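J.: please work out how this folds:
(2 chains)
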Amino acid sequence: MTRIARRSLLAGMAALGTAGCSKIDGFATSDSGSGLFDLAEDWHLAAHRTLAGRQALAPEYAAEDRSPSFKGNGSLTVDSPIYKEQLAKGFPDWRISVKGLVENELRLSLADLKALPQRTQITRHDCVEGWSAIGEWTGPQLSGLLDAAKVKPEANFIVFWCADVLYGRQYYESVDMVDAYHPQTIIAHSLNGEPIPEKNGAPLRMRIERQLGYKHAKYLTGIEAVARLDDIKGGKGGFWEDIGNYQWYAGI
Amino acid sequence: MTTPKTKRHALSTRLWHWINAAAMVVLFMSGLGISNAHRYLYWGDYGFDPADAWTAVMRFPNWATLPQRYNLAEARDWHSGAAWVFALALFGMWIAMLANRHFARDIAAPVSAWSPAHLWVEVKEHLKGRFHAEDGAKYNTLQKLTYGVVLGVLLPLMIFTGLAISPGFEPAAPWLVDMLSGRQSARSLHFIAAFALFAFFVVHIVMVTLSNPLKQMWAMIAGGQAPQEDKL
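T.: Residues are numbered from 1 along each chain as shown, chains lettered A, B, ... in the order given. Alright, predicted model coming up:
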């Protein structure tokens, strides 16, 4: 069974037995032991969504709770002359596309994104390494863009394409439709009331507030609706998932 | 000859003891590996700058971590996998312990036994190598307090602080993170409780070693004899 079919089973705890079987089926062809690890990951995702609800919000903080600065990690810039030039000018020619399994492909500038209804949220950013920072992010909700593009029913995941390259590979990430339509999932253009700094992902960065930092794709260039992840790049749904076997569900 | 009713350790206790021991070894060693990813601990909601840390933890050597080299993704797989076994087993043990009265009969200590004078007497007895409980009870007061703190405070604290670190769990119980005064505080407490349990583990092994270790180990596997029979 594919990853998509498994994920769709996660609506309730009742489906867990079936999900487990499909994992065990894949055991022989995957890394040793990863079948049980993936099963544990599925259980965490199902438990979180069952206990909290699919649309439950991550805590939001008051302005005075923000950390004095916001650590940059992973890619700290995009190593290209075009990026440097755009950064200096305020990204007048930066565009993001909304594509894939949609009725209307979109191509949006920063000004287009800022003209949409905005959400501002002060949230805590938790890195997989263990540290946390708190900042105020502003941008349009991803759900609004997906509705405008009319996502087709066969789409199961949203992939975020990035301009940055780490260890010779393009960065990308993905979430399922629950996180894609979550009210706090925004395409942020501002951090603490200023344009996002270079090290934090200028000009655009995803906020996926119930998951760890590596899901929050920086230097965003494209949003693609897809049916499955196993035919994209390394097939595991993201840069760190492909390169280091990091968990696709980063809610732990 | 003994009947099942006179076993020193109930089947549920023995099963839990070894499942828990295995889970804790995996959790502790993979936890040391995770700690190596960011060796600074903070109080409050946020923390990323070593200058704000209340302590910098040592880098744990590869022989102490799971896997036996630095691999954060794999350490996290072991940790969040074994967490299920650990948490569900502890939940099951508490139900069994309350149902079969193991807790009420063997672990709960009357408040009168908590007096410093009485505890001091027991500490002196311990230092002389005499570990016997009075009145045919299975455990003396020091043991009762230790097992009570481990089962009732430290092990549950590992679960609650672990849950409080998880951004995906937090929307289910934001009050838990608040109660622990922030995610980075929860992370610090997770670390402190883990080392308190490690200290318990060391003392536990020493005490078993000093008091007929083979018989004790076998009793935790096969059940052993209840203390009443011991005294005959």
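J.: only C-alpha atoms from now on, for both contacts and neighbour counts.
T.: Fine.
J.: which residue is nearest the middle of chain A?
T.: Note on chain A: the residue nearest the mean C-alpha position is A:K215, at 4.2 Å, using C-alpha atoms, centre = their mean.
J.: that one and A:T185 touch, don't they?
T.: No. With the criterion set as C-alpha atoms under 8 Å, A:K215 and A:T185 do not qualify as a contacting pair; they are 11.2 Å apart.
J.: so what sits against both of the two?
T.: Listed contacts common to A:K215 and A:T185 are A:I208; contacts here mean C-alpha atoms under 8 Å, 6 or more residues apart in numbering or on different chains.
J.: what's the closest non-adjacent residue to the residue nearest to the centre of chain A?
T.: Nearest residue to A:K215 in three dimensions, chain neighbours excluded: A:E173, at 6.0 Å (C-alpha to C-alpha, 6 or more residues apart in numbering or on different chains).
J.: just checking, that neighbour is part of a strand?
T.: Yes. Secondary structure assignment places A:E173 in a strand (DSSP: H, G, I helix; E, B strand; the rest coil).
J.: so how far is chain B from the residue nearest to the centre of chain A?
T.: With distances taken as C-alpha to the nearest C-alpha, to the nearest Å, A:K215 is found 12 Å from chain B.
J.: what does chain B put close to chain A?
T.: Residues of chain B lying near chain A by C-alpha under 8 Å from any C-alpha of the partner chain: B:34-35, B:37-38, B:45-48, B:72-74, B:77-78, B:80-81, B:84, B:165-174, B:184.
J.: just the buried ones out of the residues you listed, please.
T.: With neighbours counted by 16 or more other C-alpha atoms under 10 Å in any protein chain shown, the residues of chain B next to chain A contain buried members at B:34-35, B:37-38, B:45-48, B:72-74, B:77-78, B:80-81, B:84, B:165-172, B:174, B:184.
J.: tell me the strands in chain B, going along the chain?
T.: Secondary structure of chain B, counting by DSSP state E: strands at B:40-41, B:55-56.
J.: need the winner for burial among these.
T.: Taking mean count of other C-alpha atoms under 10 Å in any protein chain shown as the contact definition, the stretch among those with the greatest mean neighbour count is strand B:40-41, which reaches a mean of 24.
J.: that strand: how far from the chain's middle?
T.: Its chain's average C-alpha position is 22 Å from that of strand B:40-41, according to C-alpha atoms, centre = their mean, to the nearest Å.
J.: ditto for stretch A:72-80
T.: Stretch A:72-80 sits 17 Å away from the centroid of its parent chain (C-alpha atoms, centre = their mean).
J.: report the buried residues of it.
T.: Residues of stretch A:72-80 classed as buried: A:75-78 (neighbour count, 16+ other C-alpha under 10 Å).
J.: can you check stretch A:183-197 too?
T.: For stretch A:183-197, the neighbour count (16+ other C-alpha under 10 Å) marks A:183-192, A:195-197 as buried.
J.: and if you look at stretch B:101-111?
T.: In terms of neighbour count (16+ other C-alpha under 10 Å), stretch B:101-111 has its buried residues at B:102-103, B:106-107, B:109.
J.: one more: stretch B:13-31?
T.: Going by neighbour count (16+ other C-alpha under 10 Å), the buried part of stretch B:13-31 is B:13-17, B:20, B:23-24, B:26-31.
J.: taking these one by one, which sit in helices?
T.: Of the buried residues of stretch B:13-31, the ones assigned to helices by DSSP state H are B:13-17, B:20, B:23-24, B:26-31.
J.: okay, those in TSV with distance to A:W248 next?
T.: Supplementary listing: those in TSV, determined by distance: C-alpha to C-alpha, whole Å:
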residue	distance to A:W248
B:T13	37
B:R14	36
B:L15	33
B:W16	31
B:H17	33
B:N20	28
B:A23	24
B:M24	25
B:V26	22
B:L27	21
B:F28	23
B:M29	23
B:S30	19
B:G31	20
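J.: closest to chain A out of those?
T.: Within these, the smallest distance to chain A is 11.5 Å, found for B:G31 (C-alpha to the nearest C-alpha).
J.: not counting its neighbours along the chain, what's nearest that closest one?
T.: Nearest residue to B:G31 in three dimensions, chain neighbours excluded: B:H79, at 6.6 Å (C-alpha to C-alpha, 6+ apart).
J.: hang on, the earlier thing: and the residue nearest to A:K215, what does it touch?
T.: With contacts defined as C-alpha under 8 Å, 6+ apart, A:E173 is in contact with A:159-161, A:215-217, A:237-239.
J.: again with A:W94
T.: A:W94 sits next to A:86, A:109-110, A:221 when contact means C-alpha under 8 Å, 6+ apart.
J.: chain B contacts on the stretch 151-252 of chain A?
T.: Within the stretch 151-252 of chain A, the positions adjacent to chain B are A:209-212, A:244-247, A:250-252 by C-alpha under 8 Å from any C-alpha.
J.: repeat the analysis, applying 6 Å as the threshold.
T.: For the stretch 151-252 of chain A, the residues in contact with chain B under the definition C-alpha under 6 Å from any C-alpha of the partner chain are A:210-211, A:246, A:251-252.
J.: can you pull out the helices in chain B?
T.: Secondary structure of chain B by DSSP H: the helices cover B:11-35, B:72-99, B:102, B:116-127, B:141-149, B:155-165, B:174-179, B:183-210, B:213-222, B:227-231.
J.: report pLDDT for the closest residue to B:W63 other than its chain neighbours.
T.: Closest residue in space to B:W63, ignoring its immediate chain neighbours: B:R69 at 7.7 Å, by C-alpha to C-alpha, 6+ apart. Model confidence at B:R69, given as pLDDT, is 96.
J.: now swap in B:I221 and tell me
T.: The score at B:I221 is 94. That number is its pLDDT.
J.: next, count neighbours for it.
T.: For B:I221, the tally of surrounding residues (other C-alpha atoms under 10 Å in any protein chain shown) stands at 16.
J.: ok, and the helix or strand in chain A with the lowest average confidence?
T.: helix A:16-25 (a mean of 35; mean pLDDT, DSSP states H and E).
J.: where do the helices sit along chain A?
T.: Along chain A, the segments classed as helices by DSSP H run A:3-8, A:16-25, A:34-52, A:81-89, A:110-115, A:142-149, A:177-180, A:239-244.
J.: so what touches the last one?
T.: Contacts of helix A:239-244 with the rest of the structure, by C-alpha atoms under 6 Å, 6 or more residues apart in numbering or on different chains, involve A:171-172, A:234, A:236, A:246.
J.: what pLDDT does residue 1 get?
T.: In the absence of a named chain, chain A is used. The confidence metric pLDDT takes the value 34 at A:M1.
J.: was after chain B, sorry
T.: At B:M1, the predicted lDDT confidence score is 44.
J.: perfect, that will be all.
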